[in-house]
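Asker: sequence? don't have it. structure:
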């Protein structure tokens with residue numbers, strides 16, 4: 001019996017914005033500032049991918065954060081993390097780095113390769129107001145620590161956060177309840193994946209190989225490669241059919257419904273809190 005009774009349709013397709021960040025790393029900003037309220041609790045999604053070292057070699061030297069979490073998923077490549085809390089880790093093929101900035105820290109993310117492909121995603125996940133000044137926290141999740149399950153339709157599901165197909169992911173978060181799965185479709189066309197979604201959760205998909213159709217009722221919406229599809233909030237889940245060897249991520253979460261005040265790497269609830277964040281950073285209180 002299907003877990004999805006009424007599938008969500010597509011509200012809109014989004015083309016990411018090509019930009020640079022860090023010391024000149026080329027990336028695509030898929031979830032940008034203008035979508036923060038619509039896709040609450042998610043603040044940003046960057047996709048990066050290149051086999052040209054000049055596009056990534058300068059990395060992300062020391063920079064601060066306060067008030068949210070960063071989730072970096074490395075599809076291919078090697079990147080070294082160091083932060084002012086004394087944490088250090090090597091992010092590599094298939095692994096995830098989950099960092100809670102909380103009251104503030106500085107960190108760097110620098111490539112540990114001089115050639116080859118570097119590809120992955122960085123997601124910013126908001127923190128509720130009452131936790132924005134919590135203690136900073138960090139976890140390296142190696143590829144083999146991410147639970148995987150293969151569906152009867154032969155779709156491989158990597159469960160980074162939340163629960164999918166009865167499998168509990170590597171991370172759980174109480175207030176935002178994020179679901180983050182990476183889907184690998186089989187080498188034949190037509191496999192269908194389904195995922196139940198709470199009615200309250202905002203959700204989107206991003207296709208980074210191949211293409212999919214989002215199925216809803218008697219209709220479908222095609223989502224080509226390098227496109228985000230924001231899912232409508234009507235319906236109890238997602239039904240998606242992929243072409244051969246398609247790969248996509250599905251992200252969903254419980255909105256916080258709190259004011260969002262952002263100034264660069266600081267995300268708080270009021271302008272006054274942003275001013276305090278800048279003052280604290282200048283005073284050396286973030287390491």
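Answerer: Ah, there it is. Since this is a predicted model, take the numbers as computed values, not measurements. Numbers count the residues shown, from 1 in each chain.
Asker: centroid-nearest residue for the chain?
Answerer: Central residue of the chain (Cα atoms, centre = their mean): residue 123, 3.3 Å from the mean position.
Asker: tell me the secondary structure at that residue.
Answerer: Secondary structure, DSSP: H, G, I helix; E, B strand; the rest coil: residue 123 is strand.
Asker: same question, residue 280
Answerer: Under three-state DSSP, residue 280 comes out as helix.
Asker: let me see the contact set for it.
Answerer: Neighbouring residues of residue 280 by Cβ atoms under 8 Å, 6 or more residues apart in numbering: 66, 104, 286. Bear in mind the C-beta positions are built from the backbone N, C-alpha and C, glycine included.
Asker: ditto for residue 221
Answerer: Applying Cβ under 8 Å, 6+ apart to residue 221 gives the contacts 9-10, 13, 213-214, 229.
Asker: now render those residues as TSV, adding pLDDT.
Answerer: Below are these laid out as TSV (pLDDT from 0 to 100):
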residue	pLDDT
9	98
10	98
13	98
213	98
214	98
229	98
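Asker: follow-up on the earlier one: among the contacts of residue 280, which ones are buried?
Answerer: 66, 104, 286 (16 or more other Cβ atoms under 10 Å).
Asker: low-confidence stretches in the stretch 151-287 of the chain?
Answerer: Of all residues in the stretch 151-287 of the chain, none has pLDDT under 70.
Asker: from the contact counts, what lies against the helix or strand hosting residue 249?
Answerer: Secondary structure assignment for residue 249, by DSSP states H and E: strand 247-253. With contacts defined as 3 or more Cβ pairs under 8 Å, 6 or more residues apart in numbering; DSSP states H and E, strand 247-253 has these neighbours: strand 42-50, strand 118-126, strand 179-184, strand 202-209, strand 237-242.
Asker: these into CSV, with extra columns for distance to residue 160?
Answerer: Compiled in CSV, the helices and strands packed on strand 247-253 are given as follows (distance: least, Cβ to Cβ, whole Å):
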stretch, distance to residue 160
strand 42-50, 13
strand 118-126, 10
strand 179-184, 4
strand 202-209, 13
strand 237-242, 16
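Asker: would you map the helices across the protein?
Answerer: Along the chain, counting by DSSP state H, helices occupy 271-282.
Asker: ok, back up a step: for residue 154, see how far away the residue nearest to the centre of the chain is.
Answerer: Residue 123 sits 27 Å away from residue 154, going by Cβ to Cβ, to the nearest Å.
Asker: for residue 30, what are its contacts?
Answerer: 14, 16, 45-47, 206, 228.
Asker: excluding chain neighbours, what is closest to it?
Answerer: residue 16 (4.0 Å; Cβ to Cβ, 6 or more residues apart in numbering).
Asker: enumerate every residue touching residue 179.
Answerer: 161-164, 169, 195, 197, 201, 203, 250-253.
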